[in-house]
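# Got a predicted model here, sequence first, then my questions.
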Amino acid sequence: MKAKENGPTEQNTSRVIDGPTNPMVTPLLTDLYQFTMAYAYWKAGKHQERAVFDLYFRKNPFGGEFTVFAGLEECIKFIANFKFTEEEIKFIQQTLPPSCEDGFFDYLRGIDCSDVEVYAIPEGTVVFPKVPLLRIEGPVALVQLLETPFVNLVNYASLVTTNAARHRFVAGKSKLLLEFGLRRAQGPDGAIGASKYCYIGGFDATSNVAAGRLFGIPLRGTHSHAFVSSYMSLDEIIDKSLRKRDGSSTCEDFVSLVQSWLSKIQWSNSLRGIFGETNQSELAAFTSYALAFPDSFLALVDTYDVMRSGVPNFCAVALALEDLGYKANGIRLDSGDLAYLSCEARKFFCSIEKEFKVPGFGKMSITASNDLNEETIDALNKQGHELDAYGIGTYLVTCYAQAALGVVFKLVEINNQPRIKLSEDVSKVSIPCKKRCYRLYGKEGYSLVDIMTGENEPPPKVGERILCRHPFQESKRAYVVPQRVEELLRCYWRGSSDKEREPLPALKDIRERCIKQLEQMRPDHMRRLNPTPYKVSVSAKLYDFIHFLWLNEAPVGELQ
Ligand SMILES: Nc1ncnc2c1ncn2[C@@H]1O[C@H](COP(=O)(O)OP(=O)(O)OP(=O)(O)O)[C@@H](O)[C@H]1O
Ligand SMILES: O=P(O)(O)OC[C@H]1O[C@H](OP(=O)(O)OP(=O)(O)O)[C@H](O)[C@@H]1O
Ligand SMILES: O=C(O)c1cccnc1
Ligand SMILES: [Mg+2]
């Protein structure tokens, strides 16, 4: 199957919205019970009742106090194209018991999302537990069918975006972050999703070529150990010529130029004695790669010995390139003590800059890879290092530190009647009613609190004191005088009508939103150790209503 091409261009300026990136995302990509419930609703004549569901999560991932919302675009692409094929209807018919009446399948044949409304927080926004990320309203049977695909599309997307954002936070703004996870991701969809959402979360580029093509994400890469170890000697290089960068002349024997630079380095005052004979097969590999890519030469230097072979060999090739007007890119370290080796490599580069008067050589880029994650990057920062870039795969894309976000989809209203789901565990009690959600900002520009209100309550006003209550803990409440009020839920789908609907932004714009949002977060919410929880609240009126409904629905126990 071939994924549909979405391209990096602005979506949704026209009336047609492409289907989901993954063609496996069809109306059948749902749990069986959604169909059995849909049948039971239909049988009871209840299927068209207007229902409102909230999609939200209960706890921030990775021990943190923030989450980045992602996956919205794919949800909208899904519902914009929601329609059963005849083949799919036949399959459902075979799957459900034979007693299911034909009329139900006629009903399925006729449905699409033209009667559904989706309000959502913009993709790339920093979000918090309990606040609806999406509010979906429509005929109850249909919206139930959407539950599983929506939760699926938001769960991993938000988790891996948050993971990427956390890696960006610990690495710092100035570092280049490369997503290298394709080979280790959970299958092709995991990999494509990881590349897309890590980019949103603040990564700079991916090694995943298919993702580069699908989404316009910048592609970056180095080379592998296999390339280095595939060379046996310099004799393997047949065409040794390299034209000067300005085209003025050609160096006929680039290999000899490299060798002469290697011996100059070896015998230079500042580097004498640091290394002896370097590995010549590695030198052959580097030389060969430089001949292929003289303008962007980058070498993996840890195949044999970083400081005794890889780095000196790299410098010899880089200096030969410099003679011909080319600037080498840098090195990649993929094993050993990355802090120590990066410092040693940097010293080596700086010595070369000084000794041979090559301006900028000391600033050669150093990339690290090898099972990196938040913790290792944090440890490297504490030790001090000279790394400029990180290539991160396994821990990032598999979300090794936390497997899932725990997104849920709960009924909050049907036929204008608010509904509640009770639980022994208070954190699992749902917040009823079709709601509006606002983010209130304080004097210093930081957001202070998110507040949910009933749909028909007047919105919070700038400069007006409003009581924000913890939804379940009576004693937790605060007055807030907002300096700015931002309504969080916006209309992204209003049936088939294009009017007054938010456009789906380009990937770059979602990424920019995410980066800006994270920069505006109060630092204590962001710190890795014991971050301060962000306050999520309800209005006094909604608080009273939740507790009224709670008492109404909870049976009174009897002690005997
Ligand atoms: N200075 C450092 N501080 C903390 N962690 C580091 C540092 N340098 C490297 N690491 C991490 O330590 C781990 C080292 O991996 P491992 O023990 O497999 O050795 P290796 O360097 O891969 O050796 P080899 O490839 O020779 O087996 C990696 O996860 C790497 O990211
Ligand atoms: O370590 P990750 O964060 O997953 O990043 C990607 C890894 O994939 C590559 O090698 P691979 O792991 O395939 O082989 P290697 O372990 O022998 O280097 C690369 O050299 C990195 O080490
Ligand atoms: O380009 C690289 O260096 C790369 C790509 C994928 C995995 N490991 C490394
Ligand atoms: Mg590895």
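It's in. Ligands and ions are numbered 1, 2, ... in the order given.
# Show me what the mean pLDDT comes to for stretch 533-544.
Across stretch 533-544, pLDDT averages out at 97.
# Distance from that stretch to the middle of the chain?
Distance of stretch 533-544 from the chain centroid (CA atoms, centre = their mean, to the nearest Å) equals 29 Å.
# Kindly export that stretch (C-alpha atoms) in CSV.
C-alpha atoms of stretch 533-544 as CSV (Å, rounded to 0.1, in the frame of the first residue of the first chain):
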residue,chain,number,x,y,z
PRO,A,533,2.0,21.0,38.6
TYR,A,534,0.1,23.5,36.4
LYS,A,535,-3.4,24.3,37.7
VAL,A,536,-6.4,23.0,35.9
SER,A,537,-9.7,24.3,37.3
VAL,A,538,-13.4,24.7,36.8
SER,A,539,-15.7,27.6,37.3
ALA,A,540,-17.7,27.8,40.6
LYS,A,541,-20.8,27.1,38.7
LEU,A,542,-19.4,24.0,37.0
TYR,A,543,-17.9,22.8,40.3
ASP,A,544,-21.3,22.9,41.9
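# Where does pLDDT dip in the protein?
The model of the chain has pLDDT under 70 over residues 1-15, 496, 498.
# For ligand 2, what's the nearest residue on the stretch 1-150 of the chain?
Per CB to the nearest ligand atom, Phe62 is where the stretch 1-150 of the chain lies closest to ligand 2, at 16.5 Å. All C-beta spots, glycine's among them, are computed from the backbone N, C-alpha and C.
# Am I right that that residue is in a helix?
No - counting by DSSP: H, G, I helix; E, B strand; the rest coil, Phe62 falls outside a helix, being coil.
# ok, how many other residues are close to the residue nearest to Gly71 when sequence neighbours are not counted?
Excluding the flanking residues, the one nearest Gly71 by CB to CB, 6 or more residues apart in numbering is Ala157, at 3.2 Å. Number of residues near Ala157 (other CB atoms under 10 Å) recorded here: 27.
# wait, Ala157 sits on Gly193?
Yes - with contact defined as CB atoms under 8 Å, Ala157 and Gly193 form a contacting pair (6.3 Å).
# what's near enough to touch the residue of the stretch 1-150 of the chain closest to ligand 2?
162-163, 166, 374, 401-402 (CB atoms under 8 Å, 6 or more residues apart in numbering).
# 10 Å - rerun?
By CB atoms under 10 Å, 6 or more residues apart in numbering, the contact set of Phe62 is 159, 162-163, 165-166, 374, 399, 401-402, 405, 528.
# Mind checking which of the residues you listed land in helices?
Among those, the members falling in helices (DSSP state H) are 159, 162-163, 165-166, 374.
# of all those, which comes closest to ligand 1?
Ranked by distance to ligand 1 (CB to the nearest ligand atom), those are led by Glu374 at 11.3 Å.
# and the nearest residue to that closest one once chain neighbours are set aside, what is it in contact with?
Spatial nearest neighbour of Glu374, chain neighbours left out: Val170 (5.1 Å); criterion: CB to CB, 6+ apart. Shown in contact with Val170 (CB under 10 Å, 6+ apart): 373-381, 390, 528.
# Alongside ligand 2, which residues does the chain contribute?
180, 183-184, 334, 369-372, 391-395 (CB under 6 Å from any ligand atom).
# mind running it again at 8 Å?
By CB under 8 Å from any ligand atom, the residues of the chain that approach ligand 2 are 180-181, 183-184, 224-225, 300, 332, 334-335, 369-373, 391-396.
# and those, which are buried?
Neighbour counting by 16 or more other CB atoms under 10 Å classes 180-181, 184, 300, 332, 334, 369-370, 372-373, 391-396 among the residues of the chain next to ligand 2 as buried.
# Out of those, which sit inside helices?
394-396.
# how is this protein carved up into domains?
Per the record, the chain has its domains at 2-165+401-553, 222-387, by automatic domain parsing.
# Mind putting these into CSV with distance to Cys198?
Converted to CSV, these look like this (distance: least, CB to CB, whole Å):
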stretch, distance to Cys198
domain 2-165+401-553, 4
domain 222-387, 13
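# Can you select the buried ones among the contacts of Phe62 for me in ChimeraX?
Entered in ChimeraX, the line below selects the buried ones among the contacts of Phe62, by 16+ other CB under 10 Å:
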select :159,162,163,165,166,374,399,401,402,405
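# Wait, Asn313 touches Asn279, no?
Yes - with contact defined as CB atoms under 10 Å, Asn313 and Asn279 form a contacting pair (7.1 Å).
# Could you check which of these two has the larger neighbour count?
The neighbour comparison of Asn313 against Asn279 (other CB under 10 Å) goes to Asn313, with 27 against 19.
# and that one, what does it touch?
228, 258, 262, 265, 275, 278-280, 282-287, 299, 301, 304.
# ok, 7 Å please
278, 282-283, 286 (CB atoms under 7 Å, 6 or more residues apart in numbering).
# does it sit in a helix, a strand or a coil?
helix.
# Could you measure from it over to ligand 3?
18 Å (CB to the nearest ligand atom, to the nearest Å).
# Look up phi and psi at Phe57.
As for Phe57, its main-chain torsions (degrees, to the nearest 10) stand at phi -130, psi 160.
# Which ones among the contacts of Asn313 lie within strands?
Using DSSP state E, no member of these falls in strands.
# For the domains of the chain, give me TSV that also has distance to ligand 1.
Below are these laid out as TSV (distance: least, CB to the nearest ligand atom, whole Å):
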stretch	distance to ligand 1
domain 2-165+401-553	14
domain 222-387	3
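# Can you tell me the closest non-neighbouring residue to Leu177?
Using CB to CB, 6+ apart, the closest residue to Leu177 is Phe203 (4.4 Å).
# Among the buried ones among the residues of the chain next to ligand 2, which one sits closest to ligand 3?
Closest to ligand 3, out of all of those and judged by CB to the nearest ligand atom, is Phe180, at 3.7 Å.
# Would you check how far apart that closest one and Val118 are?
Noted for Phe180: a distance of 34 Å to Val118, by CB to CB, to the nearest Å.
# so which strand or helix has Leu214?
Element membership for Leu214 (DSSP states H and E) is helix 209-215.
# My error: substitute Met452 in the last question.
Assigned by DSSP H and E, Met452 belongs to strand 447-454.
# what packs against that strand?
Contact analysis of strand 447-454 by 3 or more CB pairs under 7 Å, 6 or more residues apart in numbering; DSSP states H and E lists strand 435-441, strand 535-539, helix 540-553 as its packing neighbours.
# can I get those in a markdown table with distance to Asp450?
A markdown table is the format used below for those (distance: least, CB to CB, whole Å):
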| stretch | distance to Asp450 |
| --- | --- |
| strand 435-441 | 5 |
| strand 535-539 | 5 |
| helix 540-553 | 13 |
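# Kindly reformat those as CSV containing distance to Leu108 and mean neighbour count.
Shown next, in CSV, are the helices and strands packed on strand 447-454 (distance: least, CB to CB, whole Å; neighbours: other CB atoms under 10 Å):
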stretch, distance to Leu108, mean neighbour count
strand 435-441, 30, 23
strand 535-539, 37, 23
helix 540-553, 32, 15
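# how about the strands in the stretch 101-250 of the chain?
Assigned by DSSP state E, counting those that start in this stretch, the strands in the stretch 101-250 of the chain fall at 117-120, 126-127, 134-139, 176-179, 205-206, 242-243, 250-251.
# how about those strands in TSV, adding mean neighbour count?
TSV is the format used below for the strands of the stretch 101-250 of the chain (neighbours: other CB atoms under 10 Å):
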stretch	mean neighbour count
strand 117-120	24
strand 126-127	25
strand 134-139	23
strand 176-179	24
strand 205-206	25
strand 242-243	18
strand 250-251	14
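# Tell me which of these sits nearest to Val317.
Judged by CB to CB, the one of those that comes nearest to Val317 is strand 242-243, at 10.9 Å.
# how far is the closest one from where the chain is centred?
42 Å.
# Contacts made by it with the rest, please.
Contacts of strand 242-243 (CB under 7 Å, 6+ apart): 250-251, 254, 291, 294, 324.
# Using CSV, write out every CA atom in the strand holding Met452.
Extracted C-alpha coordinates of strand 447-454, given in CSV (Å, rounded to 0.1, in the frame of the first residue of the first chain):
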residue,chain,number,x,y,z
SER,A,447,-0.2,31.3,31.9
LEU,A,448,-1.6,30.9,35.4
VAL,A,449,-4.4,28.4,35.1
ASP,A,450,-6.7,26.6,32.6
ILE,A,451,-10.4,26.9,33.5
MET,A,452,-13.4,24.9,32.2
THR,A,453,-16.8,26.5,32.3
GLY,A,454,-20.3,25.4,31.2
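# Noted, bye for now.
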